[in-house]
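> Build me a model from this:
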Amino acid sequence: MNALPVTQSLLFLLLATVMEVSGDALVRKAIFEQTGAVRIGFLVAGALLLLGYGSSLNLAPVPFERVVGLYIATLFVVWQAISFLAFRAVPTLPICAGGALVVAGGLIITFWQGAAS
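Sure, this is the predicted structure:
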């Protein structure tokens, strides 16, 4: 992969992961912390963010079988950041260790240019 598609892919994937995790967080807050019109507003906003996530992920200029690896890696990192910001959840050592494996696997899937199968 040359630098331009990688940069574009990272931007699309970062946007997708921020929208997905934020949308999930809003839906969770709507279900467990809100009532009435605020609940409906959170659910609608969450749904729009989740639609944006799906669109952004599929616009990344990388073959679908490769974009998923990088997406999973960025998803883990963004998920932990949003989890901390929205719910004050600090990742534990097992989450960090497992997350390192997730990120490594995502990078391998995306960037390893081995023999075609």
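
> any idea which helix is longest in the protein?
With secondary structure taken from DSSP state H, the chain has its longest helix at helix 3-33.

> As a check, name the ranges of all helices in the chain.
Going by DSSP H, the chain shows helices at 3-33, 36-59, 64-87, 93-111.

> quick revisit: for the longest helix of the chain, the averaged confidence score.
Throughout helix 3-33, pLDDT has a mean value of 87.

> now swap in stretch 81-97 and tell me
On average, stretch 81-97 scores 93.

> same check, this time on stretch 41-58
94.

> What residues of it count as buried?
42-43, 46, 49-50, 52-53, 56-57 (16 or more other Cβ atoms under 10 Å). Any C-beta I mention is one placed from the backbone N, CA and C, and that applies to glycine too.

> and which of these is nearest to T74?
Set against T74, the nearest of these by Cβ to Cβ is L57 (10.2 Å).

> that older thread, so which elements touch the longest helix of the chain?
Judged by 3 or more Cβ pairs under 8 Å, 6 or more residues apart in numbering; DSSP states H and E, helix 3-33 is in contact with helix 36-59, helix 64-87.

> Tell me the helices and strands packed up against the first one.
With contacts defined as 3+ Cβ pairs under 8 Å, 6+ apart, the secondary structure elements packing on helix 36-59 are helix 3-33, helix 64-87.

> Who's the closest spatial neighbour of the residue positioned nearest the centre of the chain, skipping the chain neighbours?
Centroid-nearest residue in the chain, with Cα atoms, centre = their mean: T17, separated by 2.6 Å. Nearest residue to T17 in three dimensions, chain neighbours excluded: V78, at 4.0 Å (Cβ to Cβ, 6 or more residues apart in numbering).

> No more questions from me, cheers.
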